[in-house]
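[1] One predicted model, sequence on top.
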Amino acid sequence: MFSSLFGHALVKRGLVLSSVLTIGFMIPQSAYRSCGLDFWNFSELRADLATQEVRAEDLTRESIEVKHASQIRRELLDRLEAGETTVREAFPVLLELNQMDSVRMERIHEQFAGESDEESTINQLIANLETSHQRKDISTQRKRELMSQIAPLVASILRSPQV
């Protein structure tokens, strides 16, 4: 009855097509490529997926590094404000954190004018101390102490090419 409704030829074509597709899914992708039948571009899609996964891992790692550097920077500024460290001790750490990320260093040069990484980092430090004074309960006296520590550091930077 089934074959009489749709015709015997149509049923045969359906069986042949389903058999071909079943066999086709069992053949390895390399066989398709060798015959030039990789019209779904599985190899390119797999390569693209692998590239995207590597890029996602890189971005995740970079994000973690940026967050870690920001945390260190914030803790260092907090220690400066609390009097637990000096500008001379904190400056090399801030400079190194900035120089670890070339994109960040470029932004610092744009935002905090300076002819060198050192000068831009000093300007960044001064700006951070200014804004922290406005945000927190840091005394005017402590701010003056920190600024007085910056002056000799600036003088030494201007005298020598490297700190």
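    Nice, I can see it.

[2] Now name the helix or strand holding the spatially most central residue of the chain.
    In the chain, the C-alpha nearest the mean C-alpha coordinate belongs to residue 62, at 3.2 Å (CA atoms, centre = their mean). Using DSSP states H and E, the element containing residue 62 is helix 42-82.

[3] and residue 122, how many residues sit next to it?
    Other residues within reach of residue 122, judged by other CB atoms under 10 Å, total 22. Glycine gets a C-beta too; all of them are placed from N, C-alpha and C.

[4] Would you confirm that it contacts residue 154?
    Yes: using CB atoms under 8 Å as the test, residue 122 is close enough to residue 154 to be in contact (5.8 Å).

[5] Going by neighbour count, which residues in the helix or strand just after the helix holding residue 62 are buried?
    Proceeding C-terminally, helix 42-82 gives way to helix 87-100 as the next helix or strand, assigned by DSSP H and E. Across helix 87-100, burial judged by 16 or more other CB atoms under 10 Å covers 87, 90, 91, 94, 95, 97, 98.

[6] pLDDT below threshold where in the chain?
    Within the chain, the ranges that satisfy pLDDT under 70 run 1-8, 10, 20-21, 23-42, 132-138, 158, 160-163.

[7] can you list the domain ranges for it.
    The record, using automatic domain parsing to delimit domains, assigns the chain the ranges 2-35, 55-159.

[8] Among these, show me which one is buried the most.
    Compared across the domains of the chain, domain 55-159 shows the largest average neighbour count, a mean of 14 (mean count of other CB atoms under 10 Å).

[9] next one: it to chain centre, how far?
    20 Å (CA atoms, centre = their mean, to the nearest Å).

[10] Next: stretch 46-64.
    Per CA atoms, centre = their mean, the centroid offset for stretch 46-64 relative to its chain is 11 Å.

[11] swap in stretch 9-23?
    52 Å.

[12] now residue 46: how far from residue 52?
    When CB to CB, to the nearest Å is the yardstick, residue 46 and residue 52 sit 11 Å from each other.

[13] scratch that, residue 152 is what I was asking about
    For residue 152, the distance to residue 52 (CB to CB) stands at 51 Å.
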